[in-house]
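> this one's sequence-less:
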């Protein structure tokens, strides 16, 4: 791909050739016609002047004007005739995110969200309820590419109660040995109304996969955190592993991906987890892997399947003795990489970051 194209701006819109009924974005970079779609794709550009001189006539700075439409349409015949330089024509291999113009095996949206007429995944009316008679490949929303229509929201059965389970997180960085203000020790926690409390957070070593404290003094807090169970009947204490800072740039950013990548490394973590929970009296683990598969947070494409393997193997090792929960982000951008039905089979519940 030409160097001028590599500025991180890779947002695509698939639009019909009827330019009069769309909004023309500011600063268009390049247009081309794919081999498989009777459509044109538009790439938004942040830095129009970096494009080759031959393409600069296609750039516009004023949206939704007749001049903008003329600037765009003038380049279409050249693209059809393949008169542009060969290294630019290669960009015609670009695919839609979903639908019939997407890459083979990627036509369906993750999480069963809807595929729009423009080949993008989403979950509101724009994506889920539409008709496009001008495109023979995408006439209307197709459930082969994801969900369609209104979202079917589940309802709670008779007799269910929201207060059945109440979970609180203890911020271990606010302990008495911390130099920060408003410190709270495990003994100071007010536990009325809580059925579960999670210790946030524990880490694990990127190479040995041994469980480590988030802060040096964390070890001294574990037993103090689990001891209230002797005074409050029915209370469960869980350990939350991971957290947002665990995937910050640094030595642990790819630790989850590396740990889940092989059966051997997963088994090492599981062994260390069981030893940890026996030693300190924890009742379950809350996996706080917030960014599986997200390349902007050190994730890899294999994380989706590997997370399911990890959850399955942990449940097999834990049986019914220990609980398992997973924390999920509610942002589609990050949640799309998580095979929710797959890990749901092994977990007791999800904790949602709202």
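Perfect, thanks for sending it. Please read these numbers as outputs of a predicted model, since none were measured by experiment. Numbering: from 1, shown residues only.

> Below-threshold pLDDT in this structure: ranges please.
1-95, 135, 137, 157-163, 176-181 (pLDDT under 70).

> domains for it, by residue range?
Domain ranges of the chain: 1-94, 97-151, 165-353, per automatic domain parsing.

> Show me what the lengthiest strand in the chain is packed up against.
The longest strand of the chain (DSSP state E) is strand 196-204. Contact partners of strand 196-204 among helices and strands, from 3 or more CB pairs under 8 Å, 6 or more residues apart in numbering; DSSP states H and E: strand 167-171, strand 211-213, helix 219-226, strand 236-242, helix 255-260, helix 263-280, strand 284-288. In this view, the C-beta of every residue, glycine as well, is placed from N, C-alpha and C.

> How many neighbouring residues does residue 347 have?
For residue 347, the count of nearby residues is 20 (other CB atoms under 10 Å).

> Go ahead and confirm residue 145 touches residue 97.
No - under the criterion of CB atoms under 8 Å, residue 145 makes no contact with residue 97, lying 10.1 Å away.

> sorry, back to before: generate TSV for the helices and strands packed on strand 196-204, with distance to residue 248 as supplementary columns.
Below are the helices and strands packed on strand 196-204 laid out as TSV (distance: least, CB to CB, whole Å):
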stretch	distance to residue 248
strand 167-171	17
strand 211-213	16
helix 219-226	22
strand 236-242	11
helix 255-260	11
helix 263-280	20
strand 284-288	13
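
> Distance to residue 134 and mean neighbour count for the ones you listed - can I get that in CSV?
Output for the helices and strands packed on strand 196-204, formatted as CSV (distance: least, CB to CB, whole Å; neighbours: other CB atoms under 10 Å):
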stretch, distance to residue 134, mean neighbour count
strand 167-171, 51, 16
strand 211-213, 58, 19
helix 219-226, 62, 18
strand 236-242, 47, 23
helix 255-260, 43, 22
helix 263-280, 50, 16
strand 284-288, 46, 24
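
> can you tell which of these is closest to residue 185?
helix 219-226 (7.3 Å; CB to CB).

> quick one: the closest one to strand 236-242, angle?
In terms of direction (axes from the mean of the first three to the mean of the last three CA atoms, to 10 degrees), helix 219-226 departs from strand 236-242 by 140 degrees.

> what about the helices in this structure?
66-73, 76-80, 86-89, 125-128, 219-226, 255-260, 263-280, 303-318, 332-335, 340-344 (DSSP state H).

> right, and those helices - which one's nearest residue 154?
By CB to CB (comparing all of those), the closest turns out to be helix 340-344, at 12.9 Å.

> buried stuff in the closest one?
By neighbour count on 16 or more other CB atoms under 10 Å, the buried set for helix 340-344 is 340, 343.

> So for residue 145 and residue 97, which sits in the more crowded spot?
residue 145 (22 against 19).

> Leaving out chain neighbours, which residue sits closest to that one?
Nearest residue to residue 145 in three dimensions, chain neighbours excluded: residue 115, at 3.7 Å (CB to CB, 6 or more residues apart in numbering).

> Residue 207: how many residues sit nearby?
12.

> quick one: it from residue 219, how far?
Noted for residue 207: a distance of 19 Å to residue 219, by CB to CB, to the nearest Å.

> what do you get for residue 197?
For residue 197 relative to residue 219 (CB to CB), the value is 18 Å.

> List the buried residues in stretch 114-123.
For stretch 114-123, burial by neighbour count (16+ other CB under 10 Å) applies to 114, 115, 116, 117, 118, 119, 120, 121, 122, 123.

> and if you look at stretch 229-238?
Buried residues in stretch 229-238 (16+ other CB under 10 Å): 229, 235, 236, 237, 238.

> ok, of these, which one's closest to residue 292?
residue 238 (20.0 Å).

> Surely that closest one is in contact with residue 282?
Yes - with contact defined as CB under 8 Å, residue 238 reaches residue 282; the gap is 6.1 Å.

> ok, and what's touching stretch 209-217?
Contact with stretch 209-217 is made by 172-173, 175, 177-178, 200-205, 219, 239, 241, 243, 245, 259, 265, 268-269, 272-273, 276, as judged by CB atoms under 8 Å, 6 or more residues apart in numbering.

> same thing but 6 Å
177, 201, 202, 203, 204, 205, 219, 259, 268, 269, 272, 276 (CB atoms under 6 Å, 6 or more residues apart in numbering).

> Farthest pair within these?
Using CB to CB, the two most remote members of the contacts of stretch 209-217 are 177 and 268, lying 29.9 Å apart.
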